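Asks: Give me a model of this one.
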Amino acid sequence: MYAIRMLADVHEAKRPVGASVLKSRQNKEATAEVDNILAAGKFTIKAWNSNCAVIDKNLDEGEVDILGHVWNKPKDTIKGKPKTFVIPDIELTKRDVLG
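Replies: Next comes the predicted model:
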């Protein structure tokens, strides 16, 4: 939450409404209202993930898959998922590897 509060402080002059939402304790109500607004347009949110207990009650989930990356919610760190590939039984060139 420190990073979010810091960003809200930095951008408060340009975006006061967004900054006030990020800094307030009404995040749970804000997420509910956003869900309702998006649902009116037939956009549904699969799940809200946060490392803030007010928003996300599933903080016991250690790591969560988000957009092809792994987010460790308690530590607030993101790491990439390594792609697996099969190495063929042929001689590889730099072009094969980098292409």
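Asks: By mean pLDDT, point me to the weakest helix or strand of the protein.
Replies: helix 16-23 (a mean of 75; mean pLDDT, DSSP states H and E).
Asks: C-terminal to that helix, which secondary structure element comes first?
Replies: The C-terminal neighbour of helix 16-23 among helices and strands, as given by DSSP states H and E, is helix 27-40.
Asks: For my notes, confirm residue 78 occurs in a strand.
Replies: Yes - assessed with DSSP: H, G, I helix; E, B strand; the rest coil, residue 78 lies in a strand.
Asks: any idea which residue sits dead centre in the chain?
Replies: residue 66 (6.1 Å; C-alpha atoms, centre = their mean).
Asks: burial of the closest residue to that one other than its chain neighbours, as a residue count?
Replies: The shortest distance from residue 66 to any residue other than its chain neighbours is 6.6 Å, reached at residue 49 (C-beta to C-beta, 6 or more residues apart in numbering). Yep, even glycine has a C-beta here, placed from its N, CA and C like the rest. Using other C-beta atoms under 10 Å, residue 49 is surrounded by 15 other residues.
Asks: Distance-wise, check residue 49 relative to residue 6.
Replies: Going from residue 49 to residue 6 by C-beta to C-beta, to the nearest Å gives 20 Å.
Asks: show me where pLDDT drops low in this structure?
Replies: Counting by pLDDT under 70, the ranges of the chain that qualify are 1-2, 25-28, 53-55, 57-59.
Asks: re earlier: tell me the secondary structure of the residue nearest to residue 66, please.
Replies: Residue 49 - assigned by three-state DSSP - is coil.
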